[in-house]
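Trainee: dropping a prediction and its sequence here:
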Amino acid sequence: MAAAISSEKIDLVIYGPHKPIVDNGFSDQFVLHKFETRGDLDRLNPAVAEKVRGIAVTYNSVRGDKAMLAQFPKLEIVSSFGVGYDHIDAAYAAEHNIVVANTPDVLTEEVADIALGLLIATLREFVKADRYLRSGLWTTQQFPLSVGSLRDRKVGMVGMGRIGQAIGRRLEACRVPVVYHSRHPAEGVSYKHYPDLIEMAKAVDTLVLIVPGGASTANMINAEVMKALGPRGVIINVARGSVIDEQALIAALKSGTILSAGLDVFANEPTVPDELKAMQNVVLLPHIGSASVVTRNAMDQLVVDNLKTWFAGKPPLTPVAETPAKGR
Ligand code: A2R
């Protein structure tokens, strides 16, 4: 596929919520067609679809599924916001010679911060304590001692990639022992590797989830894993809601099969089950792992830069594994 270094205009679709860095990031060599929702996109003029060569997906609330991608016969690249790209059909893209790029690395430390913060907040009951103070109860009695503590814990990481390793570094600084489960041992990582998730769950009391979403990890944290983790068990999820069997989690939290959970992601965002919202032994965050101004700006910029780099005739900066953009 030849690069387009010419005066010819390049038609791009900007799909998803408005982002100033994306909206204003392209020179007049590009013609931008903006669609915030699937409903907007369904009104796309077929004559425009014929010309589109690149798509920026600005948030994972919109999906680059097969039906969406198939509308664009000349599509070369989809540049997607976020490190997870389970909302993009990368297998379809690979089959049709379309490159998919995501935004890894620039969010690694931010998400790792949230994971450690959520773990400590869950164990030491920050949110409950804050409510306690605001309600005026502190003036009459001390806040009850927390059952949970980081001091006597052993963490089993589920996923030991870029973000998993950044979380591991933080746990080491806290002097917490770390082991991990993934399909293959991670290169250059000295923590003990468990090829079997149940075996690891039996050996630890805390799981921190940081694997991709999608079919291969769907509901991998199920009732059996929670039972293996046991009544001191704490689960922290900064991966994808689909990784946990949410109904099994609710049942395990209610019955005391595990102690507590800290969740930044949910199966059906932004809807969160009322049963979870009613529980005292969970901390619930509205998917804010990477959600600081500085990190979100860096992610938006990388969405733009992947497209610009591609249309300058170079490989994208951060293609996903399924579409490595070889030979460019
Ligand atoms: O399984 P491996 O050897 O490919 O290790 C990867 C692991 N992983 C899995 N572990 C168990 N069962 C699976 N089916 C499975 N699929 C992947 O997850 C690796 O250790 C880790 C992914 O690491 P990275 O690709 O470096 O991703 P990063 O940047 O750490 O982000 C992880 C996820 C994103 O995909 C978003 O969903 C979320 O964090 O924000």
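Mentor: The structure has been received and is ready for your questions.

Trainee: leaving out chain neighbours, which residue sits closest to L249?
Mentor: In this structure, L249 finds its nearest non-sequential neighbour in A261, 6.4 Å apart by CB to CB, 6 or more residues apart in numbering. All C-beta spots, glycine's among them, are computed from the backbone N, C-alpha and C.

Trainee: isn't there a helix covering the one you found?
Mentor: No: using DSSP: H, G, I helix; E, B strand; the rest coil, the secondary structure at A261 is strand, not a helix.

Trainee: is it in contact with L253, as I believe?
Mentor: Yes: taking contacts as CB atoms under 8 Å, A261 lies within contact range of L253: 6.2 Å.

Trainee: any shared contact partners between those two?
Mentor: 281-282 (CB atoms under 8 Å, 6 or more residues apart in numbering).

Trainee: comparing those two, which residue is more hemmed in?
Mentor: Neighbour comparison, A261 and L253: the larger count goes to A261, with 25 against 22 (by other CB atoms under 10 Å).

Trainee: what about the more buried one, distance to D274?
Mentor: 16 Å (CB to CB, to the nearest Å).

Trainee: likewise E125?
Mentor: From E125 to D274 the distance is 21 Å (CB to CB).

Trainee: burial measure for whichever residue of the stretch 151-300 of the chain sits closest to the ligand, as a count.
Mentor: Closest residue of the stretch 151-300 of the chain to the ligand, CB to the nearest ligand atom: G161 (1.8 Å). Using other CB under 10 Å, G161 is surrounded by 17 other residues.

Trainee: that one is in contact with E187, isn't it?
Mentor: No: in this structure G161 lies outside contact range of E187 using CB under 8 Å: 10.5 Å.

Trainee: what residues does this protein put near the ligand?
Mentor: Applying CB under 6 Å from any ligand atom, we find that the chain lies next to the ligand at 83-84, 104, 111, 159-164, 182-184, 186, 210-213, 216-217, 239-240, 289.

Trainee: buried ones from those residues, can you make that a ChimeraX selection?
Mentor: To isolate the buried subset of these in ChimeraX, counting by 16 or more other CB atoms under 10 Å, use the following:
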select :83,84,104,111,159,160,161,162,163,164,182,186,210,211,212,213,217,239,240,289
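
Trainee: what about the nearest residue to Y194 once chain neighbours are set aside, which SS state?
Mentor: Closest residue in space to Y194, ignoring its immediate chain neighbours: M200 at 3.6 Å, by CB to CB, 6+ apart. Under three-state DSSP, M200 falls in the helix class.

Trainee: OK, contacts around M200?
Mentor: Contacts for M200 were tallied using CB under 8 Å, 6+ apart; they are 156, 179-181, 194.

Trainee: how many neighbouring residues does P20 have?
Mentor: Neighbour count for P20, taken as other CB under 10 Å: 9.

Trainee: so what pLDDT did it get?
Mentor: pLDDT recorded at P20 is 98.

Trainee: could you measure from it over to the ligand?
Mentor: As for P20, its distance to the ligand is 23 Å (criterion: CB to the nearest ligand atom, to the nearest Å).

Trainee: which residue ranges form the strands in the chain?
Mentor: Along the chain, counting by DSSP state E, strands occupy 10-15, 30-35, 52-57, 77-80, 99-101, 155-158, 178-181, 192-194, 206-209, 234-237, 260-263, 282-284.

Trainee: generate JSON lines for the ones you listed, with mean pLDDT and distance to Q142 as supplementary columns.
Mentor: What follows is the strands of the chain, written out as JSON lines (pLDDT from 0 to 100; distance: least, CB to CB, whole Å):
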{"stretch": "strand 10-15", "mean pLDDT": "98", "distance to Q142": "53"}
{"stretch": "strand 30-35", "mean pLDDT": "98", "distance to Q142": "55"}
{"stretch": "strand 52-57", "mean pLDDT": "98", "distance to Q142": "50"}
{"stretch": "strand 77-80", "mean pLDDT": "98", "distance to Q142": "49"}
{"stretch": "strand 99-101", "mean pLDDT": "98", "distance to Q142": "53"}
{"stretch": "strand 155-158", "mean pLDDT": "99", "distance to Q142": "29"}
{"stretch": "strand 178-181", "mean pLDDT": "99", "distance to Q142": "33"}
{"stretch": "strand 192-194", "mean pLDDT": "99", "distance to Q142": "39"}
{"stretch": "strand 206-209", "mean pLDDT": "99", "distance to Q142": "26"}
{"stretch": "strand 234-237", "mean pLDDT": "99", "distance to Q142": "23"}
{"stretch": "strand 260-263", "mean pLDDT": "98", "distance to Q142": "21"}
{"stretch": "strand 282-284", "mean pLDDT": "98", "distance to Q142": "21"}
